[in-house]
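**Q** just the structure for this:
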Amino acid sequence: MTTLPIFWLVPLLFIHVEKQQIMAVALNKSNSLNECNHPLGVGDRQIADSQLTSPSFVSTLYIAKDDVYINAKPNYGRLNGKYAFCGGRLSYLQVNLSYVVNVTAVATQGLDDWVPSYVKTYHLRFSLNGQDWFNYSTPNKVWRGNINGRGIKRNNFNSSIQTQYLRFYPRRYNYKRCLRVEVYGCKSSDPGQSESTSTTTPLTTSVTDKKVTSVETDVTTPMNDAKVDVTTPKNDAKVTPMKAKDLSVTSQWKDIVTTEAPVLPYDVDHSKNNALLLGICIGGVTLITLTIIVFMLLKFKKAENRDADNRLVKKEFV
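**A** Purely as a prediction, here's the structure:
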């Protein structure tokens, strides 16, 4: 019976692992999220073009309804803009909010064309310094995006998040990975935020990103997507030449991408976590099995000794 407390080790191990998986971005749990609900400048261009960046984008995108070609650069990724940012296979849309703010919601929109392009699901990642990136949760939450190229899909957070940089990682999409976005929140000094700032909970788990060493300027069409015949631009078509500075990729950037394709670097951390949990489960089951075996052997040995004593008593009577 002394071995029974061992059974409590397995749930304690799970609790310990769960605590270590908490996101390491400052979360502000506040009752005044409704007051911290203002657009932070992506749609109305208060955020400059240079603050919208991506490691890759579709360099020549044909817009059928306007009969023009565009560079689907990150600066097109503004909610309700005429066109949209369309990313490459290993891409994301990064928004630099200029300073640390409390973010409470995001909204996304696709590209409205004869063949609409939009992101169906996506991940979010956050950073206070532009170098250390953190997931929204563990495992990282998959946010629902758009169902067409016109509508706007807004997702509200349960708690505001203090961050300066925000990345949108497309997962499932229709035709092209096209995004127009807006970020909602408020400054830390805005009314109603003094309480939330004082109750900020710093957490510990960080995620290491993979540095981008090359830039992709074109993206191929997925097998299941619709195909549009893109030919050489006409003489009167509008083509914006792509410049190296438009890519806005610096050596400090780090890239993690989650797509429906084979496992990418972004999924490595989750694979390690799953492997750790699997190892704990196997160890727990093995420990329980060994405990049961030892218990049964002791019980069998005790019964054997009892039978031997009975035989000895009977022999003495005889």
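**Q** got any ranges where the stretch 51-200 of the chain has weak pLDDT?
**A** Within the stretch 51-200 of the chain, the set of residues satisfying pLDDT under 70 comprises 189-200.
**Q** go with 90
**A** Scanning the stretch 51-200 of the chain for pLDDT under 90 picks out 89-90, 138, 187-200.
**Q** would you map the helices across it?
**A** With DSSP state H, counting those that start in this stretch as the criterion, the stretch 51-200 of the chain has helices at 194-198.
**Q** does Thr53 touch Pro74 like I think?
**A** Yes - between Thr53 and Pro74 there is a contact under CB atoms under 8 Å: 5.3 Å. For the C-beta atoms, the positions are set from N, CA and C on the backbone; glycine is no exception.
**Q** Ser59 contacts Tyr69, correct?
**A** No - counting by CB under 8 Å, Ser59 stays clear of Tyr69, with 9.5 Å between them.
**Q** what residues are shared contacts of the two?
**A** Overlap of the contact sets of Ser59 and Tyr69 (by CB atoms under 8 Å, 6 or more residues apart in numbering) is empty.
**Q** now Leu179, which residues is it bridged with?
**A** Counting by DSSP bridges, Leu179 is bridged to Phe85.
**Q** what sits against it?
**A** Going by CB under 8 Å, 6+ apart, Leu179 touches 77, 84-87, 93, 108-110, 119, 122, 168, 170.
**Q** which one of these is nearest Gly149?
**A** Each of the contacts of Leu179 was checked against Gly149 using CB to CB; the closest is Gly110, at 4.0 Å.
**Q** isn't the closest one right up against Ile152?
**A** No - the pair Gly110 / Ile152 is not scored as a contact, 9.5 Å apart, by CB under 8 Å.
**Q** intersection of neighbour lists for those two?
**A** Asn146.
**Q** the more surrounded of these two?
**A** Between Gly110 and Ile152, counted using other CB atoms under 10 Å, Gly110 has the larger neighbour count: 29 against 14.
**Q** if I look at that one, how far off is Ala64?
**A** Here the criterion is CB to CB, to the nearest Å. By it, Gly110 lies 15 Å from Ala64.
**Q** go on, Pro39?
**A** 30 Å.
**Q** same deal with Ser137?
**A** In this view, Ser137 and Ala64 are 39 Å apart by CB to CB.
**Q** just to check, His38 is in contact with Lys187?
**A** No - with contact defined as CB under 8 Å, His38 and Lys187 do not form a contacting pair (9.1 Å).
**Q** touching both of these two, which residues are there?
**A** With CB under 8 Å, 6+ apart, His38 and Lys187 have no common neighbours.
**Q** and the longest strand for this structure?
**A** Using DSSP state E to define each element, the chain has its longest strand at strand 152-170.
**Q** what lines up beside it in the sheet?
**A** strand 27-28 (antiparallel), strand 93-109 (antiparallel), strand 121-127 (antiparallel).
**Q** ok now do Arg177, which residues does it touch?
**A** 86-88, 91, 117, 119, 170, 219.
**Q** of those, which is the nearest to Ile147?
**A** Distance to Ile147 across the contacts of Arg177 (CB to CB) is lowest for Val119, with 10.5 Å.
**Q** what sits opposite that closest one in the beta ladder?
**A** Going by DSSP bridges, Val119 forms beta bridges with Tyr173.
**Q** run through who's touching stretch 109-117.
**A** With CB under 8 Å, 6+ apart as the test, stretch 109-117 has contacts from 63-65, 79-80, 83-84, 86, 118-119, 145-146, 148-153, 173-181, 226, 228.
**Q** among those, the buried ones, what's the ChimeraX command?
**A** Buried residues among the contacts of stretch 109-117 (16 or more other CB atoms under 10 Å), as a ChimeraX selection:
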select :63,79,83,84,86,118,119,145,146,149,153,173,174,175,176,177,178,179,180,181
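**Q** do you know the pLDDT at Val212?
**A** On the pLDDT scale, Val212 is placed at 37.
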